[in-house]
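**Student:** A predicted structure for the sequence below; I have some questions about it.
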Amino acid sequence: MKKEELEIFLVIALVFLAVFFFIKPSLTGFIVYSPNYYNWTFDNHNYDYDENLILIENNSARLKLQSQEYSWTTQNSTELYVQKGYYDYDNKTLEVMDIDSENYVVPANEIFDIAFGNFLDNNDVITLHTKSSSANNIKLCKTSEICNENNYGSVDYNGSEGEFSITISNLEHPSKSLSIITNGNTKIDFISSTRGDIINAQSDPNDKTSKLTSVDNDDLDVAKKKMFNVIFGEELQNNDIISLYLDNEGETNIYLCLTGDFCDSNYGSMHFPNIQGWYNITISNLPSSTGRLAILTDDKFDVDYIKVIREWEEENIGTNLTYPESASLETENIELPSVNRISLFSKNEELNGQDINYYYSDGENWNEIPTNGSLPELNDLKLKAEFFSNGTETPVLYNMLLGYEYCEEKWECSDFSQCYDNGTKTRSCADANECGSIEQKPVEIDNCTYFPGYYDINESHSISLEKDNLTRLNSSDIVIDLIVNEDVLDSNLEINKPENLTELSGKVMIDSFDVNADEELKSKLKESIIKIYYDKETLIQEGIDENSLKIHYYNNGSWEELNSSINTDEGYVYSYVNHFSVYALFGDAKQESSSSGGGSSSGGGHSSGNTDSVIEEDKTSKSAKEDNERIPVMGNEIIIEEPKGNNSFTSFTGLAVYNAKQAKVSVPIGIGLLVLMIVFFLRISKVNSKIKV
């Protein structure tokens, strides 16, 4: 390479480096994508689903077993058999129906059944009229039963003639018939009850039970109007069936009555056509269940076997456990970054031979997720899983996972500006990743509390003060600079002219002010300087020594002098104060000179000779007071005062610093500059070579 060409290349390289060093071009149009994922589990997410169909437990979701009850009716039957069959009673009704010479001797421990026309119940009374007999115990028992302890009432009979009563108790059901059992022979002449007189009395029956327990041609012949009582081991009820095996004896009607009663209205009946076989009578109209019935006939019949058939319907309830055919759950809606690329949907499931379908919502419709799991770019996402079952198994879902890439906004913001008088502050923010979205963009305009820092006060004013920053209060001939240790908002402060103040001996009051504030401002006051301005011309006219001026405050009827200083150049007296009070500026009168030629008298000639220069000097002082001025030190900080009466008091002193903005040049522009410079310098090189030739 020739020396001239090398020099041109070096110049171009230095220029290009200078562009990048000083201008610092930045890349534009490049979006930074970051990977991320969203995992739907079942331990910390909310889902929309039917709790009756889907069960979420053990960090998984599955179909819920359904308990379904069903019922069916079964026909049941059982057979009851005869325990006792009594027949061929001796009828003793006539012996006990009247008080007369006839009576019946009831043998000890033998059945003596009595019956009444009406039902007897507990607390009814049976009365016995007796003849002289042996003393014994008489008790009431069930019909055709010899009882001991379980009786329905008893009486101790003393053996004498007379009436003896038994009160009925412990009956399970009302009954028309009972049995009188004695433990000694007893002559009974008459029986009655509170429900009526006796209608039937039967004694000493024959036990025919053996003839009724099998079909063996050993039958019982039952005659017309003969009492035949049958006793069963269980209580009979309506709809039970009395089943009789009958032999040929003759055509007749057979019907059911209560024991001991030749009834007119029966509890079931049948017609026997005189053909051997089984015949049934269905029990009906029983007032209450009973284990004893009488079987009576209009003529006669032969019975070989008796049993009771009880049939009933039973409602049965069963339970089936099955899974529902289908059910679904939906996720809550999630918002995705506005700049995103969804890559893949996946899930962790256990199908158990069943199926789960997955869908995503685009905000309007549900769309099935492709088998490869790819989804389009979406700003928000909602998923649905739909479970299917054959009833015996359920699929199980453990979690759903969505992987995607997104551009993460990276905002860089400048500091907020000062608070403007409209109560706002501003800043500017830029996304370093240039995503093109603003979802996460910080606020650039924010509310703030505006503290003016300066107030012109005429008597009363609402003021706000910022912590540790100077606030100036300007009133007529008085300036107060305040610093508070906490922000104060809308506090009230008053500056008035007091009246009728106590004079201070030997002093002349130049001016006075009553300064007062609310308790909030008083409690937060950190530092304060009070400055009282005076007029030099007035001092001269009233003969007051300027250097004697001092600020005093009024304290419980007397004046207290403050440690104050005077600025004679600008015409004010100042002092640090830590409270608000009535303040006054006092001075001493000048001492008159004994010399006659010094011009110190109050004569007009002296005044005319020096007044102009004094007034001019005072004008210069007042002009300085109205211009920028420096006031005393507050704490360790020198405070720059602003022109009295001017709201704007920011000033530049010394070195002024300006913010410089960084320029950005895109890569294409930088490359273009480089090409232009190369072409330019090659052109110069050719020109130089021609000149040399």
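**Tutor:** Cool, got the structure.

**Student:** residue contacts, Asn170?
**Tutor:** Asn122, Asn150, Asn151, Tyr152, Gly153 (CB atoms under 8 Å, 6 or more residues apart in numbering). Every C-beta, even on glycine, is put in place using the N, C-alpha and C of the backbone.

**Student:** now stretch 516-532: mean pLDDT?
**Tutor:** Stretch 516-532 shows a mean pLDDT of 93.

**Student:** So which bits of that stretch are buried?
**Tutor:** Residues Ala517, Leu521, Lys524, Leu525, Glu527, Ser528, Ile529, Ile530, Lys531, Ile532 are the ones in stretch 516-532 that count as buried (16 or more other CB atoms under 10 Å).

**Student:** How about stretch 535-554?
**Tutor:** Quick answer for stretch 535-554 (16+ other CB under 10 Å): Asp535, Lys536, Leu539, Ile540, Ile544, Glu546, Leu549, Lys550, Ile551, His552, Tyr553, Tyr554.

**Student:** For the closest residue in space to Asp121 that isn't next to it in sequence, give me the backbone phi and psi.
**Tutor:** With CB to CB, 6 or more residues apart in numbering as the criterion, Asp121 has its nearest non-adjacent residue at 4.6 Å, and that residue is Pro174. Main-chain torsions, Pro174, degrees, to the nearest 10: phi -60, psi 150.

**Student:** Could you chop the protein up by domain?
**Tutor:** Per automatic domain parsing, the structural domains of the chain span 1-27+666-693, 40-65+323-407, 89-203, 209-316, 409-450, 454-591+610-641.

**Student:** Among the ones you listed, which comes closest to Trp72?
**Tutor:** domain 209-316 (5.2 Å; CB to CB).

**Student:** measure the closest one end to end?
**Tutor:** 38 Å (CA to CA, to the nearest Å).

**Student:** Which pair in the contacts of Asn170 has the greatest spatial separation?
**Tutor:** Asn122 and Asn150 (14.4 Å).

**Student:** Tell me which of the two has more neighbours.
**Tutor:** Asn122 (13 against 10; other CB atoms under 10 Å).

**Student:** Could you check how far that one is from Thr167?
**Tutor:** 8 Å (CB to CB, to the nearest Å).

**Student:** one step back: make CSV out of the contacts of Asn170 and add pLDDT, secondary structure and distance to Thr502.
**Tutor:** Listed next are the contacts of Asn170 as CSV, based on pLDDT from 0 to 100; DSSP: H, G, I helix; E, B strand; the rest coil; distance: CB to CB, whole Å:
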residue, pLDDT, secondary structure, distance to Thr502
Asn122, 96, coil, 114
Asn150, 81, coil, 121
Asn151, 91, coil, 123
Tyr152, 95, coil, 121
Gly153, 95, coil, 121
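
**Student:** nearest to Gln591, of these?
**Tutor:** Set against Gln591, the nearest of the contacts of Asn170 by CB to CB is Asn122 (137.5 Å).

**Student:** For Glu313, give its distance to Thr74.
**Tutor:** For Glu313, the distance to Thr74 - CB to CB - is 7 Å.

**Student:** now Ile283
**Tutor:** Ile283 is 22 Å from Thr74, by CB to CB.

**Student:** of those two, who's got more company?
**Tutor:** Between Ile283 and Thr74, counted using other CB under 10 Å, the more crowded position is Ile283 (20 against 9).

**Student:** how about that one, what does it touch?
**Tutor:** Applying CB under 8 Å, 6+ apart, the residues contacting Ile283 are Leu236, Gln237, Asn238, Asn239, Asp240, Ile241, Ile242, Leu256, Tyr267, Gly268, Leu293.

**Student:** export those residues to TSV and tack on distance to Glu499 and neighbour count?
**Tutor:** Shown next, in TSV, are the contacts of Ile283 (distance: CB to CB, whole Å; neighbours: other CB atoms under 10 Å):
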residue	distance to Glu499	neighbour count
Leu236	121	22
Gln237	116	13
Asn238	117	14
Asn239	118	13
Asp240	121	24
Ile241	125	17
Ile242	128	24
Leu256	128	23
Tyr267	124	22
Gly268	126	22
Leu293	127	26
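
**Student:** Taking the residues you listed together, which two end up most distant?
**Tutor:** Asn239 and Leu293 (14.2 Å).

**Student:** sorry, back to before: report pLDDT for the residue nearest to Asp121.
**Tutor:** At Pro174, pLDDT is 94.

**Student:** Over to the one 3 residues further on?
**Tutor:** The per-residue pLDDT reported for Ser177 equals 94.

**Student:** Would you mind measuring from it to Cys141?
**Tutor:** Counting by CB to CB - Ser177 and Cys141 are separated by 11 Å.

**Student:** of the two, who's got more company?
**Tutor:** Ser177 (24 against 21).

**Student:** which strand residues sit across from that one in the sheet?
**Tutor:** Ala115 (DSSP bridges).

**Student:** now swap in Asn136 and tell me
**Tutor:** Tyr157.

**Student:** Now do the contacts for it.
**Tutor:** Contacts of Asn136 (CB under 8 Å, 6+ apart): Ala108, Tyr157, Gly159, Thr182, Asn183, Gly184, Asn185, Thr186.

**Student:** If we use 7 Å, what do you get?
**Tutor:** Contact analysis of Asn136 by CB atoms under 7 Å, 6 or more residues apart in numbering lists Tyr157, Thr182, Asn183, Gly184, Thr186.

**Student:** Can you name the helix or strand that the fourth one falls in?
**Tutor:** Element membership of Gly184, judged by DSSP states H and E, is empty: it is in no helix or strand.

**Student:** List phi and psi for it.
**Tutor:** Torsion angles, degrees, to the nearest 10, at Gly184: phi -160, psi 160.

**Student:** separation between the closest residue to it other than its chain neighbours and Asn183?
**Tutor:** Of all residues not flanking Gly184 in the chain, Asn136 sits nearest, at 3.1 Å (CB to CB, 6+ apart). Asn136 sits 5 Å away from Asn183, going by CB to CB.

**Student:** Quick one: closest of the domains of the chain to Gln83.
**Tutor:** Once the domains of the chain are compared by CB to CB, domain 209-316 is nearest, at 5.0 Å.

**Student:** Quick one: mean pLDDT for that closest one?
**Tutor:** 92.

**Student:** Ok, stretch 134-142 next?
**Tutor:** Stretch 134-142 comes out at a mean pLDDT of 94.

**Student:** list the buried ones in that stretch?
**Tutor:** Asn136, Ile138, Lys139, Leu140, Cys141, Lys142.

**Student:** Could you do stretch 431-448 as well?
**Tutor:** Asp431, Asn433, Glu434, Cys435, Ser437, Cys448.

**Student:** Closest one to Met227 out of the buried residues of stretch 134-142, please.
**Tutor:** Closest approach to Met227 among those (CB to CB): Lys142, at 15.4 Å.
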